[in-house]
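Colleague: Provided below for reference: sequence and predicted model.
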Amino acid sequence: MLVRVMCNVVVPAVLVVLTLLTPPARAMFGIPDFLEFGGCVNATLKPNFDPVKYTGLWFDIESVPNDYQHTKNCVTQNYTWTGKEMIVATRGLTAVGKKVRQGAIMRQSTSSPDPAFMTVFAEGVPEVPYQIVASDYRTYSCVYSCLERFGFRAEFAWVFSRKPTLPDNTIKHCHEVFTAMGVDPTKMVNITQGEECPYYEKIEETLAENEQYLLKILGPYVPTTTTPAPTHLDQSIVEMSEEEKTLQDLKGKMESGFSTLCTDSQQKETNGASSEDQEDDPNSSTHPVTSFPLLPFLLLPFLIY
């Protein structure tokens, strides 16, 4: 009973107070800036989404800042569809310019039959939604993700491109899609891409390879079974053999969902009787997704890569 009162009354009250604090005070208590009052919007998903067409290389153009995401600049995502799930290999630079690699697995959400609604599984954090709200597969993608608890939400949005740049009118289109859903696109910030990034030395070759791959999957014949992402793209961006082995091992260990302190305690209370009976570089590193500080984890977790 005491734990239930803590979960349903005390914790929400504490959260209300903490979210009203100034940014420095919020940081001191481990409250991320993206934690807001309110619930998640009902996202309008891309009709007839085809995960095979979504595979290949994407560049992050804009996103809502996330303190728990290692990659900050020069961020690329490589998607490989296995026929049952999407393997995501992410590369980029930290805020201090250190090379970093991260990985995740996406599967169709159990809460929706729509293939445009996926769930991200990554080591060390709870599962989170990944909703494709608009994409032409060849040039851009607009993605939404949100978690809610105790009347608060952690809301994220991304604009992706098949190239390091994206025309302003295309970015504006994503903003309009988000606005129509009730999501504020002004929360997103630009992600550094281009000449400052490690991949830039071979960018022309990389884009040409990726374009050939897109012609293959977006042509008249589109395979409906396993279609791996291009295997000969610039290794500094796409090839992640070491990481993908790790991801394959991760699949067997992954648990769907997570239990918070509150839900665990409630289950014990209800069922108490039955329960008794990147490259080898000295400056580069590979990181699992960072775990949450205790307080945000109890309320609204995330990540994304």
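Modeller: Alright, I've got the coordinates.

Colleague: quick check: buried residues in stretch 150-165?
Modeller: Residues of stretch 150-165 classed as buried by neighbour count (16 or more other C-beta atoms under 10 Å): 150, 152-164. C-beta: built from backbone N, CA, C; applies to glycine.

Colleague: any weak-confidence spans in the stretch 1-150 of the chain?
Modeller: For the stretch 1-150 of the chain, the stretches with pLDDT under 70 are 1-35.

Colleague: rerun that using 80 as the cut-off
Modeller: Applying pLDDT under 80 to the stretch 1-150 of the chain flags residues 1-37, 67-69, 124-126, 150.

Colleague: repeat for the stretch 201-305 of the chain
Modeller: The low-confidence ranges in the stretch 201-305 of the chain, as defined by pLDDT under 80, are 219-305.

Colleague: can we see that at 70?
Modeller: Across the stretch 201-305 of the chain, the ranges flagged by pLDDT under 70 are 220-305.

Colleague: confirm residue 208 sits in a strand?
Modeller: No: counting by DSSP: H, G, I helix; E, B strand; the rest coil, residue 208 falls outside a strand, being helix.

Colleague: quick one, phi psi at the residue nearest to residue 185 when sequence neighbours are not counted?
Modeller: The shortest distance from residue 185 to any non-neighbouring residue, by C-beta to C-beta, 6 or more residues apart in numbering, is to residue 175 (3.9 Å). According to degrees, to the nearest 10, the main-chain angles of residue 175 amount to phi -60, psi -40.

Colleague: dump the residue contacts of the closest residue to residue 162 other than its chain neighbours.
Modeller: Excluding the flanking residues, the one nearest residue 162 by C-beta to C-beta, 6+ apart is residue 139, at 5.6 Å. Counting by C-beta atoms under 8 Å, 6 or more residues apart in numbering, residue 139 touches 161-163, 166, 170.

Colleague: just the ones of these in helices?
Modeller: By the criterion of DSSP state H, membership of those in helices covers residue 170.

Colleague: could you export the contacts of residue 139 as JSON lines, including distance to residue 60?
Modeller: Output for the contacts of residue 139, formatted as JSON lines (distance: C-beta to C-beta, whole Å):
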{"residue": "161", "distance to residue 60": "8"}
{"residue": "162", "distance to residue 60": "12"}
{"residue": "163", "distance to residue 60": "12"}
{"residue": "166", "distance to residue 60": "10"}
{"residue": "170", "distance to residue 60": "14"}
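
Colleague: let me know the closest of the contacts of residue 139 to residue 187.
Modeller: Sorting those by how near they are to residue 187, with C-beta to C-beta, puts residue 166 at the top with 18.0 Å.

Colleague: now do the contacts for the closest one.
Modeller: The contact partners of residue 166, by C-beta under 8 Å, 6+ apart, come to 61, 139-140, 159.

Colleague: doesn't residue 137 lie inside a helix?
Modeller: No: counting by three-state DSSP, residue 137 is not found in a helix; it is coil.

Colleague: phi, psi for it please.
Modeller: Phi and psi for residue 137, reported as degrees, to the nearest 10, are phi 70, psi -40.

Colleague: need phi/psi at the spatially closest residue to it that is not a sequence neighbour.
Modeller: The shortest distance from residue 137 to any residue other than its chain neighbours is 4.2 Å, reached at residue 53 (C-beta to C-beta, 6+ apart). Dihedral angles of residue 53 (phi, psi; degrees, to the nearest 10) stand at phi -70, psi -20.
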